[in-house]
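Chemist: Fold the stuff below for me.
(2 chains)
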Amino acid sequence: MTQPRHLLSITDLGAEGIQDVMRLTDSFVEVSERAIPKVPALRGKTVVSLFFEDSTRTRLSFETAAKRLSADTMNFSVSTSSVKKGESLRDTVETIEAMGVDAMVVRHSGAGVPWQVAAWSRGSSVINAGDGWHEHPTQALLDCYTIRQQRQSLEGLRIAIVGDIRHSRVARSDVLAFSALGASVTLVAPPTLLPPSLAGWPAEVSHDLDEVAPKCDVVYLLRLQRERMQEALLPSLREYTATYGLTRARARLLKDDALIMHPGPVNRGVEIAAEVADRPNSVITRQVANGVAVRMAVLFLLIGSGVDLAVH
Amino acid sequence: MAERERALTPPYGGVFVPRARVMDPDDVRRAIWRMAHEIIERNHGTDGLVLIGLQTGGVPIASRLSEAIDSVSGVMVPLGCLDVAFYRDDIGLRPVLPQATTEIPVDLTGKTVVLVDDVLFTGRTVRAALNALHDYGRARAIQLAVMVDRGHRELPIRPDFVGKNLPTRRDEMVDVNDAEGVVLGDVKPK
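Modeler: Numbers count the residues shown, from 1 in each chain, chains lettered A, B, ... in the order given. Just a heads-up that it's a prediction; the model follows:
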């Protein structure tokens, strides 16, 4: 048997790997549009989602993706599991793997947990569905795909990522993916919501959204992660919205064809005005739809195709 | 998938060495004309007909058949293409990736579908295609047109319209392309 292949970080793929996933996603978008959106490609395979943290869209998206590929799915959630009785992460993973699974989709509040799970895995593929503030590679893939769908390519685009960069695994994976595909990325956030060090981030930084907004082709708004904020990082939500929110007034500064994106869940009225989120050039629901097709591509590449991902 | 591509993809990865030309481009053109007539004759016209080429080798043949049917009957029948990668039975045995996307222009329920491929060999691609077509509606009938039937079937599948019956050895390869027609050759390992 070949080495199990994992998708832990967007850097596992590189620019070429991201392009491979996007090409394959085209086929799965077609599948998703059919009357019967299901193919037998992963019949007999089992995909388990190990979610140690709450999630609606990522979990359902992976589950839908697996089911449309005819894989069997198992769900694990901490609140109803033996973790409550004190079972360790390692024992949990080994128990689940002993039942014979082909892929484990892992989300955990601790950065690096998917790597640890991959090291324990004895043959199943591990997919990082978000680890702490660190990475969320499938989100970055679906974001790239959504932009490519609207603009053909990311090459030369100017993308602003706005908001809570500090707590955002989406931002980290997106910056790496967007820049790998040739876009230039500007992070817009108050100093308290930037990571302590930006060394190694291929991005510029700005604190003035009014200045950045007219120049960018894509505005990517992040959710203000109030559940992760233990210190007083912001004077008030209203002040945040006034300076960094995509309000109706600020949306007028954007280019006519600038895309508005958000990884969800959206705090309407905080990082984006409700009315702006529903505009035609807002592709927020398209991101969700593409998420299923992208995850089908990732699952098929890892446990179905037998093709080596462009892993370096 | 065209045989040539399959033979050249890993893990096979050989080199195609042509040995004999079996049909020249004119022969292929005449065969397409004849098959177009046969398709119209068998179906008493073009009502409800849909041509679907299998990616990638069957797609150019399907489009030429549709042009020929148009010249004969004056009707452009709907033309689609199908990639069967996700329906193959050798997923897990060899690398499988779609070569191109699928485009089925109409709901197939009640239609007569003519599947088109360049070479019919084991019949496994056609089996996968039959399953795939099922997901696009319940066709009234599915027929099969191939440029070359080279034998060695592993499934109970037979073509309805054939350009040429070509007896081959299992280890030979048949290449069909617009420029050279039909060429029989061998795959030499690299």
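Chemist: what about B:Asp107, neighbour count?
Modeler: Counted with other C-beta atoms under 10 Å in any protein chain shown, the neighbours of B:Asp107 add up to 13. No exception for glycine: its C-beta is placed from N, CA and C like everyone else's.
Chemist: scratch that, B:Arg19
Modeler: The burial metric for B:Arg19, expressed as a neighbour count using other C-beta under 10 Å, is 11.
Chemist: so it makes contact with B:Asp175?
Modeler: No. Between B:Arg19 and B:Asp175 there is no contact under C-beta atoms under 8 Å: 10.6 Å.
Chemist: Overlap of the contact sets of the two?
Modeler: Any residue near both B:Arg19 and B:Asp175 by C-beta atoms under 8 Å, 6 or more residues apart in numbering or on different chains counts here, and that gives B:183-185.
Chemist: Close to chain A: what parts of chain B are there?
Modeler: Chain B comes close to chain A at residues B:83, B:85-87, B:91-98, B:101-103, B:107, B:131-132, B:135-137, as judged by C-beta under 8 Å from any C-beta of the partner chain.
Chemist: how about B:Asp89, what does it touch?
Modeler: If a contact means C-beta under 8 Å, 6+ apart, then B:Asp89 has B:124, B:127-128 as its contacts.
Chemist: In three-state terms, label the residue nearest to B:Ala36 when sequence neighbours are not counted for me.
Modeler: Sequence neighbours aside, B:Ala68 is the residue nearest to B:Ala36 in space, at 3.6 Å (criterion: C-beta to C-beta, 6 or more residues apart in numbering or on different chains). The three-state assignment at B:Ala68 reads helix, by DSSP: H, G, I helix; E, B strand; the rest coil.
Chemist: got the phi/psi numbers for the residue of chain B found nearest chain A?
Modeler: Closest approach between chain B and chain A, counting by C-beta to the nearest C-beta: B:Phe86, at 3.7 Å. When quoted as degrees, to the nearest 10, the phi and psi of B:Phe86 stand at phi -80, psi -10.
Chemist: Check the one 4 residues further on too.
Modeler: Main-chain torsions, B:Asp90, degrees, to the nearest 10: phi -110, psi 20.
Chemist: what sits against the nearest residue to it once chain neighbours are set aside?
Modeler: Excluding its sequence neighbours, the residue lying closest to B:Asp90 (C-beta to C-beta, 6+ apart) is B:Val96, at 6.8 Å. Taking C-beta under 8 Å, 6+ apart as the definition of contact, the neighbours of B:Val96 are A:304-307, B:85, B:88, B:90.
Chemist: can you pull the contacts of the residue of chain B closest to chain A?
Modeler: When the contact criterion is C-beta under 8 Å, 6+ apart, the partners of B:Phe86 are A:27, A:31, A:39-41, A:69, A:300, B:98, B:132.
Chemist: same check, this time on B:Ala128
Modeler: With C-beta under 8 Å, 6+ apart as the criterion, the residues that contact B:Ala128 are B:84, B:87-89.
Chemist: Quick check: it vs B:Asp89, distance?
Modeler: For B:Ala128, the distance to B:Asp89 equals 7 Å [C-beta to C-beta, to the nearest Å].
Chemist: where's the most centrally placed residue in chain B, which helix or strand?
Modeler: In chain B, the centroid-proximal residue (C-alpha atoms, centre = their mean) is B:Asp117; its distance is 0.3 Å. In this structure, B:Asp117 is located in strand B:112-120 according to DSSP states H and E.
Chemist: if I look at the closest residue to chain B within the stretch 101-250 of chain A, how far off is B:Val106?
Modeler: Per C-beta to the nearest C-beta, A:Asp102 is where the stretch 101-250 of chain A lies closest to chain B, at 10.3 Å. Here the criterion is C-beta to C-beta. By it, A:Asp102 lies 36 Å from B:Val106.
Chemist: Ok, A:Gln225 next?
Modeler: When A:Gln225 is compared with B:Val106 (using C-beta to C-beta), they lie 47 Å apart.
Chemist: same thing with A:Gln149?
Modeler: Taking C-beta to C-beta as the criterion, A:Gln149 is separated from B:Val106 by 24 Å.
Chemist: what comes up buried for the longest helix anywhere in chain B?
Modeler: Among all segments of chain B classified by DSSP state H, the helix with the greatest residue count is helix B:25-42. Neighbour-count burial for helix B:25-42, counted by 16 or more other C-beta atoms under 10 Å in any protein chain shown, picks out B:28, B:31-32, B:35-36, B:39-40.
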